[in-house]
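Asker: What shape does this take:
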Amino acid sequence: MIRKLDWESNFFNMECGQFNPLNRSEGKYSEKLFNQFDWVQGKCLISDELSKSIFGEFKFVFEDTRVIFEKIIEKKDICFSLPNLQICNSKPEEIPELQSIAIEELVKHSRLPILVGKKATGNFYARWVEKAVFQVFDDICFTLCEKNRPIGFITLKYINANEAKIGLIAIKKDFQGKRFGNALIQFSENFLYDNKFKKLSVITEGRNINAQQFYIKYGFNIKDIECWYYRRNRQVEKKRNI
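Answerer: Prediction:
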């Protein structure tokens with residue numbers, strides 16, 4: 001009924017689980033079973049009333065929504081509003097600066113701090129960036145540089161031969177509001193277009209209204225909305241004091 005999330009458990013040094021409400025077995029449900037985990041997560045489509053009622057029955061708490069956006073890939077010119085800018089494949093020596101940007105810009109919009117704390121969340125995104133540069137977590141990472149210094153990045157993961165999704169995207173605070181996010185996405189679209197991909201998707205937290213407005217303005221359409229639920233072991237939370 002509850003699947004252990006091995007990677008998350010090892011990374012956060014916590015017992016993390018995934019609960020699928022539609023695969024539940026009520027006869028096997030018990031407080032003891034859930035309390036074997038520090039936290040258990042689950043999700044369902046926002047229209048799935050049955051799953052939402054089951055989460056409530058099993059004392060899960062609604063935390064946020066995930067908004068799934070999608071668009072048809074188009075090839076267009078990229079326009080920069082500042083000189084000395086370039087986008088290229090991320091290099092290993094850029095990793096520390098990319099990690100700094102990720103921690104500064106992504107942690108504040110993440111749902112993870114309520115589960116593992118801000119420091120561990122920052123470490124999570126730092127690891128994600130590192131692995132994306134080495135094409136482990138995601139398939140490619142592009143860096144936006146101003147005078148050869150990283151000021152933003154985007155990671156892409158290939159879903160299949162026709163579809164790709166954005167993993168992470170972030171722009172350094174001092175350079176936001178200058179359409180550099182648009183430039184990173186269009187560069188990625190052009191790259192994907194040349195490699196015969198047809199669709200690009202991205203997922204953002206429901207609480208991140210600015211990101212949703214950005215994607216809608218850029219031409220993405222909402223494909224689905226999911227609800228995230230969590231059940232946390234309160235006794236373990238008190239001991240960890242996260």
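Asker: So what touches the helix or strand where residue 41 lies?
Answerer: Using DSSP states H and E, the element containing residue 41 is strand 39-45. Here strand 39-45 makes contact (C-beta atoms under 8 Å, 6 or more residues apart in numbering) with 2, 5, 14, 16-21, 34, 51-52, 55, 60, 66, 115, 224-233. C-beta here means a position set from N, CA and C on the backbone, and glycine is covered the same way.
Asker: Among the residues you listed, which are located in strands?
Answerer: 2, 16-19, 66, 224-232 (DSSP state E).
Asker: Would you mind giving me the ChimeraX syntax to select the buried ones in the residues you listed?
Answerer: A single ChimeraX command selects the buried members of these (16 or more other C-beta atoms under 10 Å):
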select :2,16,17,19,66,226,227,228,229,230,231,232
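Asker: Which of the ones in strands among the contacts of strand 39-45 sits closest to residue 172?
Answerer: residue 66 (25.2 Å; C-beta to C-beta).
Asker: in this protein, which ranges drop under the pLDDT threshold?
Answerer: 24-29, 80-82, 234-242 (pLDDT under 70).
Asker: quick one: the helices in it?
Answerer: 6-12, 31-34, 49-57, 95-106, 113-116, 118-133, 180-194, 209-218, 234-240 (DSSP state H).
Asker: Tell me the buried residues in the longest one?
Answerer: Looking back up the chat, that one is helix 118-133. 120-126, 128-133.
Asker: Equivalent analysis for the first one, please.
Answerer: Of all the residues in helix 6-12, those buried under the rule 16+ other C-beta under 10 Å are 8, 12.
Asker: Report all helices and strands that that helix contacts.
Answerer: Contact analysis of helix 6-12 by 3 or more C-beta pairs under 8 Å, 6 or more residues apart in numbering; DSSP states H and E lists helix 118-133 as its packing neighbours.
Asker: just the fifth one next, same as before
Answerer: In this structure, helix 113-116 packs against strand 221-232, with contacts taken as 3+ C-beta pairs under 8 Å, 6+ apart.
Asker: Strand partners (parallel or antiparallel) of the strand it packs on?
Answerer: strand 39-45 (antiparallel), strand 61-72 (antiparallel) (DSSP bridges).
Asker: picking up where we left off before, can you add distance to residue 84 and give the helices of the chain back as TSV?
Answerer: Formatted as TSV, those follow (distance: least, C-beta to C-beta, whole Å):
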stretch	distance to residue 84
helix 6-12	37
helix 31-34	54
helix 49-57	51
helix 95-106	16
helix 113-116	36
helix 118-133	22
helix 180-194	13
helix 209-218	24
helix 234-240	46
